[in-house]
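Asker: kindly generate the corresponding structure for this input.
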Amino acid sequence: MNMSPIRMILWITAGVMLLPGLILWHGLNPFIALAMVAVVVGLALGLLRRLPRLDRGLGGLFLLAVMVYDVGYLAIWQWSICRREVPAGHSLLLRYKGPFPFGSAPMAGEGTLAKADQNGKALEIGILEFMPGPGRQFYNPLEYEREIVPDILIGVNEIGVVTSKIGQNLPVGQILANGPGFRGTWRKLLTPGRYRMNPYAYEVNKVAKTASIGAAEGLKQSAEDPTLIPPGYVGVVYNKVADDSPDNKQTQGVQDKVLQPGMYWINPAEKRLDIISVGFNETSVIAKRDGVKPLPEQRSSTGTKLESRVVLQPDPIFVEGSGIEFPSNDGFRIHLDFTAIWGILPDQAPDIVRNFGTLKDVQEKVITPQIGSICRINGSKRGAVDLLVGNSREEFQTDVEAELERVLKGKNLSLLFGLTRHIYVPAEVREPIQRSNIATELKLTREQEQQTAKAQAELTEAEAKVVLEERRTKAETIKMAAETAATGEKKAKEIAAETEKFRAVIDAKTAMVQAQITKIMGAAEATKVQLANEAEAEKYKLSVDALGSPEAYNRYIFAEGLPSDIKLGVFYAGPGTLWTDLKNLDQAFLGKMATESDAAKAKPKPVMVPESTTSEPKPAP
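Answerer: Predicted coordinates for the structure are as follows:
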């Protein structure tokens, strides 16, 4: 047989079988799938016509078998009968009835769900633990009971408490199950979200997230707020059952550890949460009033009505049982108002819940009774006047506050302030004291007014003094400026006169010195002339003395006066005469002059010593 027709038939068969399967399993529109199958069948018939008769018969049988598979099994059985479309937010609940039509499977154990393999095929008869999710699912209705069930949706402000219907029974004494495998309520909660839970195995009870809150006084929280414990509060946990798990062992009852503000998911079957406000609270005990009593008329000893300028406050009429009422030690009925600022710290909250309950219980059972008791005990020890005036009233306030703080501290509470606000003393006690105090205050007011007037007068006087002093200072400043200017001018003139005087004295001394200089210079000039003349005379005298006589000197002068070209004739007249000695005349004359000169040097010369600046110089002795 030719291989080409066989290959063609195999190709057509594979296409006709696979194409509808792909179309069905991958979610195309069934009408489109049928149209595509028709196209493929038409192509197959066209190919079969080209084959030989024998091959055409075999190909037709194959094509018929494929058409029966596609239409009968895939289109009718799988698509129309076995197919289930599971919408979003739902799951498919399956109960396996066993293999059909032949074979058998074991039954699921009592209290358990039937198991399935990793592909979702059932291994045991019973309700399957596996639940297919949204999508197209194909399960044989002869083997499975199919039911579409909605998923469990837990809202934002909800929690889900799970109760298991399957599993083993809980041990004796245990109330909550720590996880799957046991029947009963789970300790674990379902927090907000979507869960696929088998309704035959589990029952989910959706409750508000605040279902575990036992007491929450004054708690104001919006529905959109996801926090369970807002700021300013703590949660005191009360375990309804003990937790014996190794990682979280807790005893039954109030727990010492509190929950701080935040988001918590608490199982109401396991715990109760008391949300306590931490910080300080105000409690006031106030005497309620229902009108006032009229003031009694004031009359004199003669019975006439007295007019008073002082308006006094009348006694109020108090409602019976309101406020704090007690008798003073002198028998008067006293009413007072009291305010306590008290609070709870986080570490004190468990003891408060354990011993008293809620904050309202603390206020009604502890704070208010203790305020009334302490105020009555301390007030009854004092007189009405002591509760009205300053120092003794302050002492009462201090004693009450100290005693209240001691009592609250013993009950693990904190006191910030204890304030006595009003003390109502009867008018017969209050009126004299008030009148006395008013009179004292009026006296103090008058004294203060007098002091104010005196101060005003002193201020006016001081202002006048300031103006006077300002004017006096201004006049003195002008006077001092004028005096300073006159003194300066006088000083300047005195300095100028002194300068002129000093100049005249200096000029006189300068003239005197100049005269002395002139006189000394004249004397020096005269002495110079005299000495020159004397030297000239001494010169002539020495010349005369050297020549021996004036006549010789005259001859010498005569000879000096002779012309240089004169010619003399010497005639020898014999020895011993002048004429013969004339040849040595120059040497003899010079030797004599030298001898006289040495004698003149040895003789002391006269020295001129002036006796004073005006005396003539005279020779020294």
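
Asker: do you know the pLDDT at the residue lying closest to residue 198 once chain neighbours are set aside?
Answerer: Counting by Cβ to Cβ, 6 or more residues apart in numbering, the nearest residue to residue 198 once its immediate chain neighbours are dropped is residue 131, at 6.2 Å. For the C-beta atoms, the positions are set from N, CA and C on the backbone; glycine is no exception. The predicted local distance difference test score for residue 131 is 88.

Asker: I'd like the average pLDDT over stretch 467-480.
Answerer: Averaging the model's pLDDT scores along stretch 467-480 yields 89.

Asker: mind listing what's buried in stretch 101-116?
Answerer: Using 16 or more other Cβ atoms under 10 Å as the burial criterion, the residues of stretch 101-116 that qualify are 105, 108, 112-116.

Asker: ok, how many other residues are close to the residue nearest to residue 198?
Answerer: By the criterion of other Cβ atoms under 10 Å, residue 131 has 21 neighbours.

Asker: before we move on, what about residue 350?
Answerer: Using other Cβ under 10 Å, residue 350 is surrounded by 22 other residues.

Asker: need the contact list for it.
Answerer: Residue 350 makes contact with 236, 254-258 under the criterion Cβ atoms under 8 Å, 6 or more residues apart in numbering.

Asker: nearest the geometric middle of the chain, what residue?
Answerer: Centroid-nearest residue in the chain, with Cα atoms, centre = their mean: residue 231, separated by 22.3 Å.

Asker: contacting residues around it?
Answerer: The contact partners of residue 231, by Cβ under 8 Å, 6+ apart, come to residue 261.

Asker: picking that back up, okay, the buried residues of stretch 101-116 in a markdown table with pLDDT next?
Answerer: Converted to a markdown table, the buried residues of stretch 101-116 look like this (pLDDT from 0 to 100):
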| residue | pLDDT |
| --- | --- |
| 105 | 85 |
| 108 | 84 |
| 112 | 84 |
| 113 | 86 |
| 114 | 86 |
| 115 | 86 |
| 116 | 86 |
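
Asker: restricted to helices, list those residues.
Answerer: Assignment to helices by DSSP state H places none of those there.

Asker: any idea which of those residues is closest to residue 64?
Answerer: Of all the buried residues of stretch 101-116, the one with the least separation from residue 64 (Cβ to Cβ) is residue 105, at 35.4 Å.

Asker: just say helix, strand or coil for residue 321.
Answerer: Classification of residue 321 into helix, strand or coil gives coil, according to DSSP: H, G, I helix; E, B strand; the rest coil.

Asker: that one: how many residues sit nearby?
Answerer: For residue 321, the count of nearby residues is 8 (other Cβ under 10 Å).

Asker: secondary structure of residue 485: a strand, I assume?
Answerer: No. For residue 485, which was evaluated using three-state DSSP, the result is helix, with no strand membership.

Asker: got the phi and psi for the residue nearest to residue 411 when sequence neighbours are not counted?
Answerer: Closest residue to residue 411 apart from its sequence neighbours, by Cβ to Cβ, 6+ apart: residue 366 at 6.0 Å. Per-residue torsions, residue 366: phi -120, psi -60 (degrees, to the nearest 10).

Asker: can you pull the contacts of residue 366?
Answerer: The contact partners of residue 366, taken as Cβ under 8 Å, 6+ apart, are 356, 408, 411, 413.

Asker: what's the spacing between it and residue 356?
Answerer: Look at residue 366 and residue 356: by Cβ to Cβ, to the nearest Å, they are 6 Å apart.

Asker: what does residue 286 give?
Answerer: Distance check for residue 286 against residue 356: by Cβ to Cβ, it reads 23 Å.

Asker: what sits against residue 204?
Answerer: Contact partners of residue 204, counting by Cβ under 8 Å, 6+ apart, are 152, 160-163, 190, 195, 197.

Asker: which of those tops the neighbour count?
Answerer: When neighbours are taken as other Cβ under 10 Å, the top entry among the contacts of residue 204 is residue 160 (24 neighbours).

Asker: nearest residue to it other than its sequence neighbours?
Answerer: Once flanking residues are discounted, residue 160 sits nearest to residue 190: 3.1 Å by Cβ to Cβ, 6+ apart.

Asker: for residue 393, see how far away the residue nearest to the centre of the chain is.
Answerer: 40 Å.

Asker: same thing with residue 93?
Answerer: For residue 93, the distance to residue 393 - Cβ to Cβ - is 80 Å.

Asker: more crowded one of these two?
Answerer: The neighbour comparison of residue 93 against residue 393 (other Cβ under 10 Å) goes to residue 93, with 19 against 16.

Asker: so the more buried one sits against residue 150, correct?
Answerer: No. With contact taken as Cβ atoms under 8 Å, residue 93 and residue 150 are classed as non-touching, separated by 10.5 Å.

Asker: now for residue 203: which residues touch it?
Answerer: Residue 203 makes contact with 162-163, 165 under the criterion Cβ under 8 Å, 6+ apart.

Asker: repeat for residue 232
Answerer: Taking Cβ under 8 Å, 6+ apart as the definition, contacts of residue 232 comprise 261, 277-279.

Asker: give me the buried subset of the residues you listed.
Answerer: Restricting the contacts of residue 232 to buried positions leaves 261, 277-278, with burial counted as 16+ other Cβ under 10 Å.
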